[in-house]
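**Q** Structure for the following, please:
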Amino acid sequence: MTKPQIMFAAQKLSPGKGFGVFCRETHGLGARCVAAGRKVDLAVPEHVEHLGILGRCGLLATMRASTVVCCPSLWPESFGRIAVESMAVGTPVIATAYGGYVDQILEGETGWLIESNMPGALRRAIMVAIETVTPEMRARCREWARQRFGEQVVTSAHDALLAWQATRFLRERERRDTEQCE
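**A** Now for the predicted structure:
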């Protein structure tokens, strides 16, 4: 049996993104731990393989090959793109239980939500993931990402937002024009 692969991915491997938490919580797991992103004044411990900045295809392939992708951010992410991309390729996510992640992850179905910077929380969730990620869970991740964040859904939401904004603009303009003519 091959070692599970645990991944951390961010534009920058910074403390705020939870890279230090990832390094601390994955030490001694017996899994292959990889990190993708630009290093920012942080040492990468020996047990974590730093992959550097990956192109889109490399990033998605590494996500797909991972058992789970970790997003232990120390601050609320408004929209965690990494989490959605991970689920879109069928890899569950472990993320902090606030910000955009709360709306993105179905607890136990497409990933797990943990308390931010809570000692042991990420490690426990990784252990659960190693034991419970199945092909069916990976399929649920892909389907959830498609249903929730697919092109058709995003396009419809974008169109609705534009229509709302245009209506608001036209009403405001009409109100100003009426006031000016009185």
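**Q** CA atoms for contacts and neighbours, from now on please.
**A** Fine.
**Q** so how many other residues sit close to the spatially closest residue to Gly30 that is not a sequence neighbour?
**A** Leaving out its chain neighbours, the residue that sits closest to Gly30 by Cα to Cα, 6 or more residues apart in numbering is Lys3, at 7.4 Å. Neighbourhood size, Lys3 [other Cα atoms under 10 Å]: 12.
**Q** Repeat that for Glu143.
**A** Glu143: 18 surrounding residues under other Cα under 10 Å.
**Q** circling back: what strand or helix carries the residue nearest to Gly30?
**A** In this assignment (DSSP states H and E), Lys3 forms part of neither any helix nor any strand.
**Q** where are the low-confidence patches of this structure?
**A** Residue ranges of the chain with pLDDT under 70: 1, 150-164, 166, 169, 182.
**Q** I'd like the distance between the residue nearest to Gly30 and Arg24.
**A** Distance of Lys3 to Arg24, computed by Cα to Cα, to the nearest Å: 19 Å.
**Q** can you tell me which residues contact the residue nearest to Gly30?
**A** 30-32 (Cα atoms under 8 Å, 6 or more residues apart in numbering).
**Q** filter those to the buried ones?
**A** With burial judged by 16 or more other Cα atoms under 10 Å, the buried subset of the contacts of Lys3 is 31-32.
**Q** Among the contacts of Lys3, name the ones in strands.
**A** Arg32 (DSSP state E).
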